[in-house]
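Undergrad: got a predicted structure plus its sequence, pasted below:
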Amino acid sequence: MRLLFTFEDHEKKSAGILVFRKNGQEREFLLVHFGGPFWKNEQEGAWSIPKGECEKGETLLETALREFKEETGFTAQGDLIPLSPITQRGGKIVHAWALAMDIDPEKVISNIVRLTLPSGKQIQFPEIDKAAWYTRTSARKLIIGSQFAFIQELENILQDS
């Protein structure tokens, strides 16, 4: 299934990829932690799937693949499983695909964000400062609340297959 919506369809859309793997008997999910001064000491609600906002003329799938590469340094390879979109607290609609892929979190390299503070000082930092594998239980505590629905839906899909 390919979604063909583009940026013009809604200003607050983003897309990403939920990467998962099987580790023994447990399924694990790759989450990324937001970089920068605002998230430095935060854990709960400061983790996400690799995702980002759509650029003009870009399909949701193109956004998901681009953002994954930008935020992890890896190219998504394999069969993508479409997941139902969710709406985050601020109203942003997030579209996602799941992908079985094993990634070494220590090798994640993120793009750099440049930010001008109210003081006029400019700072730069990695958009994603770390990545890690988490079980469902651990992920529930750390991921942005509404994004946990992606994990739940994926587990339901995998149970039925």
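TA: Yep, that arrived.
Undergrad: quickly note the distance from the residue lying farthest from the centre of the chain to Ala139.
TA: Most distant from the centre of the chain: Ser119, at 30.5 Å, with distances by CA atoms, centre = their mean. Ser119 sits 36 Å away from Ala139, going by CB to CB, to the nearest Å. For every residue, glycine as well, the C-beta is placed using N, CA and C.
Undergrad: quick one: the helices in this structure, in order.
TA: Listed in chain order, the helices of the chain (DSSP state H) span 60-72, 136-142, 148-160.
Undergrad: just say which of those is most tucked in.
TA: For these, the largest average neighbour count (mean count of other CB atoms under 10 Å) is found in helix 60-72, namely a mean of 21.
Undergrad: packing partners of it?
TA: strand 13-23, strand 51-53, strand 93-100, strand 128-135 (3 or more CB pairs under 8 Å, 6 or more residues apart in numbering; DSSP states H and E).
Undergrad: can you put these in CSV and add mean neighbour count and distance to Asp160?
TA: Below are these laid out as CSV (neighbours: other CB atoms under 10 Å; distance: least, CB to CB, whole Å):
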stretch, mean neighbour count, distance to Asp160
strand 13-23, 21, 15
strand 51-53, 19, 25
strand 93-100, 22, 14
strand 128-135, 18, 20
